[in-house]
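Visitor: Sequence first, then the predicted structure, then my questions.
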Amino acid sequence: MPEPIDNEPLLEIREVTRRFGALVAVDKVSFSIRKGEIFGIAGPNGSGKSTLFNVITGIPFPPSEGEVLLSGKPIHRLRPHQISRAGVLRTFQKDAEFATLSARENVYASAVYCGQMSPAEAKDAAEQALDDVSLAGERRAKAASDLSVFERKQLMIASAIAGRPKVLLLDEPAAGLTKPEVSGLSDLIHTVHGRGITIVLIEHVLPLLLKTSEHLMVLNQGAVIASGKPEEVVRKPEVVAAYLGKREAGL
Ligand SMILES: Nc1ncnc2c1ncn2[C@@H]1O[C@H](COP(=O)(O)OP(=O)(O)OP(=O)(O)O)[C@@H](O)[C@H]1O
């Protein structure tokens, strides 16, 4: 009997490595993400988290070795626009929107480019995405550069979901947010997830990871050092040591 579809991996990373000269930024990393999951990734600065997103999306480079599969089909040799159109979209740590375009125009552009929609469809999809992230109506006509930090996070996520991703990769979305805003972001992630989008979340803010993720993987120096239930993973001595140093962790 075949497995039910929800138990089949939607995104599979197999033995992925990325080198920069002698530096191994991502070292034979393997994991798989089920459809409908929220999968968290943590790790100290420089542990290879963003590089992993870079090689999955091909933005700006592919893996040095290894395979990335979406619904069982290899995507690691595709061009970045083909990967995004296949259904893998990402956000960036730094603002990546068109600063002088309005919030509405930014989301529309993403719907046209990533979602390959007609102008009429893209207009509806953009408005729906802005509704989903609850960006206030009167702010939608503002230039992206005039939005607050939290509103730019709403815009970033609206732009991604307007492209109709199957998997959304969020790279440290809580950076720069206050505690109440992080709580708002958590609600936002759950709303997006409720729309049927599988989510991979890189985050330093552990309470957000614990509140949202069903599975947590921790990287250190490019390699996976722990993976499993979030509340168990964060207590593992090797994870504590990676964040605090062995002496402080009492090892
Ligand atoms: N384009 C590049 N060229 C050379 N080295 C790179 C490049 N991109 C990343 N690196 C190096 O790869 C390692 C992993 O970096 P990466 O940005 O993936 O870490 P990270 O876990 O996302 O860190 P942070 O939490 O600070 O964002 C670092 O040593 C970094 O300096």
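Guide: Alright, I've got the coordinates.
Visitor: Residue numbers of the stretch 51-200 of the chain in contact with the ligand?
Guide: Listed as neighbours of the ligand in the stretch 51-200 of the chain under the rule C-beta under 6 Å from any ligand atom: Thr51. (C-beta placed from N, C-alpha, C; glycine too.)
Visitor: Spit out the contact partners of whatever residue of the stretch 51-200 of the chain ends up closest to the ligand.
Guide: Here the stretch 51-200 of the chain gets closest to the ligand at one residue, Thr51, 3.3 Å apart by C-beta to the nearest ligand atom. For Thr51, the contact set (C-beta atoms under 8 Å, 6 or more residues apart in numbering) comprises Arg18, Ala25, Val26, Gly222.
Visitor: now the strands: where do they sit in the stretch 1-150 of the chain?
Guide: Along the stretch 1-150 of the chain, the segments classed as strands by DSSP state E, counting those that start in this stretch run 9-20, 23-34, 38-42, 65-70, 73-74, 88-90.
Visitor: State the distance from the closest residue in space to Tyr108 that isn't next to it in sequence to Ile161.
Guide: If you skip the residues right next to it in sequence, Tyr108 has Ala126 as its closest partner in space, 4.3 Å away by C-beta to C-beta, 6 or more residues apart in numbering. Relative to Ile161, Ala126 is positioned 10 Å away (criterion: C-beta to C-beta, to the nearest Å).
Visitor: try Gly228
Guide: Look at Gly228 and Ile161: by C-beta to C-beta, they are 28 Å apart.
Visitor: Tell me the one of the contacts of Thr51 nearest the ligand?
Guide: The ligand lies nearest to Ala25 out of the contacts of Thr51, by C-beta to the nearest ligand atom, at 3.3 Å.
Visitor: hang on, isn't that closest one packed against Arg19?
Guide: Yes: shown here, Ala25 and Arg19 form a contact pair, counting by C-beta atoms under 8 Å, at 7.0 Å.
Visitor: Among these two, which residue is more densely surrounded?
Guide: Of the pair Ala25 and Arg19, Ala25 is the one with more neighbours under other C-beta atoms under 10 Å, namely 20 against 14.
Visitor: show me what contacts the more buried one?
Guide: For Ala25, the set of contacting residues under the criterion of C-beta under 8 Å, 6+ apart consists of Arg18, Arg19, Gly48, Thr51, Gly222.
Visitor: now those in CSV, with pLDDT?
Guide: Written out in CSV, the entries for those read as follows (pLDDT from 0 to 100):
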residue, pLDDT
Arg18, 98
Arg19, 98
Gly48, 97
Thr51, 98
Gly222, 97
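Visitor: Between Gly228 and Ile161, which is the more surrounded one?
Guide: A side-by-side neighbour count of Gly228 and Ile161, using other C-beta under 10 Å, places Ile161 first with 25 against 12.
Visitor: Confirm the more buried one sits in a helix?
Guide: Yes: with DSSP: H, G, I helix; E, B strand; the rest coil as the criterion, Ile161 is located in a helix.
Visitor: Just grab the bridge partners of the residue lying closest to Thr198 once chain neighbours are set aside for me.
Guide: Across the structure, with C-beta to C-beta, 6+ apart as the measure, the residue nearest Thr198 apart from its sequence neighbours is Val167 (4.7 Å). On the basis of DSSP bridges, Val167 is bridged to Val88, Thr198.
Visitor: Surely Val167 and Leu10 touch.
Guide: Yes: in this structure, Val167 sits in contact with Leu10. The criterion is C-beta under 8 Å, and the distance is 6.2 Å.
Visitor: Tell me where the stretch 151-251 of the chain has helices.
Guide: Remark: helices of the stretch 151-251 of the chain, listed N- to C-terminal, are 179-194, 206-212, 230-233, 237-244; assignment by DSSP state H, counting those that start in this stretch.
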